[in-house]
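Engineer: Predicted model, plus sequence, below.
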Amino acid sequence: MPSSPSKRKSNDSAARHAANKKPQNPRPKGPPSHEIRIIGGQWRRTRLKVLDKPGLRPTPDRVRETLFNWLGQDLSGWRCVDAFAGTGVLGLEAASRGAAHVLMVEQDAVLVRDLQDNATRLKAGMVSVQRGDGVTALARLPAASVDLVFLDPPFDGPFFEPALKAAAKAVPLAGWIYLEAPVAWTDALLVDMGLQCMRHLKAGAVHAHLLQRVA
């Protein structure tokens, strides 16, 4: 049965109204992010937003807790370098536990800005953020000028050996290097650099090492 003139008029009006109605623009989304948690020291339990980027692997809470147990928890007065900072969680843990100075080096400009924002939020005056290559930054440090170097480079890059060699020169005898890698670095691989593996654990696909300069 054909529709009545009044019904057709009502339908036409509704169609024109729908056509003229402008769609609402969705709220623009910022870059994807998640939270990291500082687990010890003056900022214990503090949560910080960090960006999600391909290849970025914040050191898990359990591994960080083990690492700082190895180091003795209190880093008062230590000079530290986080050479491939990423989220900065390792360097911030060191600062939270009393480090006198922490240099964070990161190549990615967006991550550098994020590191600076989090350092400002924490009022972490002992933290310096530098954009650049981690190996180059380590090589420029005076010999034996830092107590602890964190190395967590991209797993698919050629950074491990040059970073270890540069870090070995940057720390004094009995100085420390923390290394995350996709494979275990044995003493046979480290001896020519004057390094020895003092602690090692495997967490998923990651091998965590605490190395010491011995010669």
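Structural biologist: The structure has been received and is ready for your questions.
Engineer: can you pull out the strands in this protein?
Structural biologist: 33-37, 47-51, 79-82, 101-106, 127-131, 148-151, 176-181, 195-203, 206-213 (DSSP state E).
Engineer: Who does the fourth one pair with, and is each partner parallel or antiparallel?
Structural biologist: Put plainly, it is strand 101-106. strand 79-82 (parallel), strand 127-131 (parallel) (DSSP bridges).
Engineer: before we move on, back to that, compare the strands of the chain and report which one is nearest to residue 158.
Structural biologist: Between residue 158 and the strands of the chain, the tightest spacing by C-beta to C-beta is seen for strand 176-181, at 12.6 Å. For the C-beta atoms, the positions are set from N, CA and C on the backbone; glycine is no exception.
Engineer: Using PDB, write out every CA atom in that closest one.
Structural biologist: The C-alpha trace of strand 176-181 is given here as PDB (Å, rounded to 0.1, in the frame of the first residue of the first chain):
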ATOM      1  CA  TRP A 176      79.600  -2.100  37.700                       C
ATOM      2  CA  ILE A 177      77.900  -2.600  34.400                       C
ATOM      3  CA  TYR A 178      74.300  -3.900  34.100                       C
ATOM      4  CA  LEU A 179      73.600  -5.500  30.800                       C
ATOM      5  CA  GLU A 180      70.300  -6.700  29.200                       C
ATOM      6  CA  ALA A 181      70.700  -8.900  26.100                       C
END
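Engineer: What pairs with it, parallel or antiparallel?
Structural biologist: According to DSSP bridges, strand 176-181 has these partners: strand 148-151 (parallel), strand 206-213 (antiparallel).
Engineer: What lies in contact with the last one?
Structural biologist: When contacts are taken as C-beta atoms under 8 Å, 6 or more residues apart in numbering, the neighbours of strand 206-213 outside the stretch itself are 57, 59, 63, 66-67, 70-71, 164, 168, 171-185, 190, 194-202.
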